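*Asks:* Take a look and give me a structure for this.
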Amino acid sequence: MFYRAGEKIRYCAVGTRVVFLDLERNRYFGLPAPSEPLFLKWLTADGQLDEAGVASLSLLTEPGYLVPTSEPVKPFRQAEIEPPTSDLWTASAQSTTARYILLAFWWQITAALRLRLLPFRTTLAALEARTRRKRREAVEPDGEARSIAAAFDRLGYLIGRTDQCLVRSVAQFHMSWARGVPVRLVIGVRCDPFAAHCWVQREGSILNDSAENVRNFTPLLVVG
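*Replies:* Residues are numbered from 1 along each chain as shown. Here you go, the predicted structure:
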């Protein structure tokens, strides 16, 4: 029997470990160590699972994270993103205006409310919809990206930065696309110890973190 990944999870392989993100319950989880080799094998076996495999991966099959299908599935591909090479935001800390900071504040409050009240799957759908809207690209997108990055950097001094990477990145993603600057939002994870992180980047430039820091994380989800 073939199984495919359902719509409510995303996952990535970090070495020999696998990390999952439940988009409905807003939580990360992993598999028991004995089940991980079987899942990694499933990733490269066109989605095939025998009865013993289904039982061994019951943590995924019973909640509907893996769902039956009659067709072979495409081989698994890790989320891909341009290798980070520079930190755009660190060079632009002064190049912004009060108007941009107010816009950043509005987008961040909106993002915080949506993330608190709704499943992350809803936020993800809104992010993906933003990239499909008709837009006029900024005349100088790199300059606009620097102004937006600087606004969120300045805002961080006013309302805090601790445990805000997801909220800030969702907000910065929306504001950037709304102002004609295509960017990508990335959620990455690492193991031993486990940590998750979120950032925004434009090509190889990191807009709200350092390239050195985000290299420690394996991309799990990329939007844009």
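
*Asks:* who touches the residue nearest to the spatial centre of the chain in this structure?
*Replies:* Residue closest to the mean C-alpha point of the chain, counted by C-alpha atoms, centre = their mean, is residue 187 at 2.9 Å. Residue 187 sits next to 10, 21, 166, 196-198, 219-222 when contact means C-beta atoms under 8 Å, 6 or more residues apart in numbering. Any C-beta I mention is one placed from the backbone N, CA and C, and that applies to glycine too.

*Asks:* Dump the residues you listed into a markdown table; add secondary structure, distance to residue 134 and neighbour count as well.
*Replies:* Listed next are the contacts of residue 187 as a markdown table, based on DSSP: H, G, I helix; E, B strand; the rest coil; distance: C-beta to C-beta, whole Å; neighbours: other C-beta atoms under 10 Å:
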| residue | secondary structure | distance to residue 134 | neighbour count |
| --- | --- | --- | --- |
| 10 | strand | 27 | 20 |
| 21 | strand | 30 | 21 |
| 166 | helix | 27 | 20 |
| 196 | strand | 33 | 15 |
| 197 | strand | 32 | 18 |
| 198 | strand | 27 | 22 |
| 219 | strand | 28 | 16 |
| 220 | strand | 29 | 23 |
| 221 | strand | 25 | 19 |
| 222 | strand | 22 | 17 |
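
*Asks:* Looking at the residues you listed, which is nearest residue 132?
*Replies:* Checking these against residue 132 with C-beta to C-beta, the nearest one is residue 222 at 15.6 Å.

*Asks:* Give me the nearest residue to the closest one, chain neighbours excluded.
*Replies:* residue 79 (4.5 Å; C-beta to C-beta, 6 or more residues apart in numbering).

*Asks:* just checking, residue 22 touches residue 30?
*Replies:* No. The criterion here is C-beta atoms under 8 Å, and residue 22 misses it with residue 30 at 11.6 Å.

*Asks:* So for the residue nearest to residue 222, what pLDDT did the model give?
*Replies:* According to the prediction, residue 79 has pLDDT 85.

*Asks:* Which neighbouring elements make contact with the least confident helix or strand in the chain by mean pLDDT?
*Replies:* Using mean pLDDT, DSSP states H and E, the weakest-scoring helix or strand in the chain turns out to be strand 86-87, at a mean of 84. For strand 86-87, the packing partners by 3 or more C-beta pairs under 8 Å, 6 or more residues apart in numbering; DSSP states H and E come out as strand 205-206.

*Asks:* Which elements pack onto the strand it packs on?
*Replies:* If you count contacts as 3+ C-beta pairs under 8 Å, 6+ apart, strand 205-206 packs onto strand 86-87.

*Asks:* Please list the residues outside the strand it packs on that contact it.
*Replies:* For strand 86-87, using C-beta under 8 Å, 6+ apart, the contacting residues are 204-206, 209-211.

*Asks:* hmm, try it at 7 Å
*Replies:* For strand 86-87, the external contacting residues (C-beta atoms under 7 Å, 6 or more residues apart in numbering) are 204-206, 210-211.

*Asks:* try stretch 17-24
*Replies:* By C-beta under 7 Å, 6+ apart, the residues outside stretch 17-24 that reach it are 8-12, 28-31, 36, 39-40, 119-121, 124, 189, 191, 220-221.

*Asks:* circling back: quick one: the residue nearest to the centre of the chain is in a strand?
*Replies:* Yes. Counting by DSSP: H, G, I helix; E, B strand; the rest coil, residue 187 falls inside a strand.
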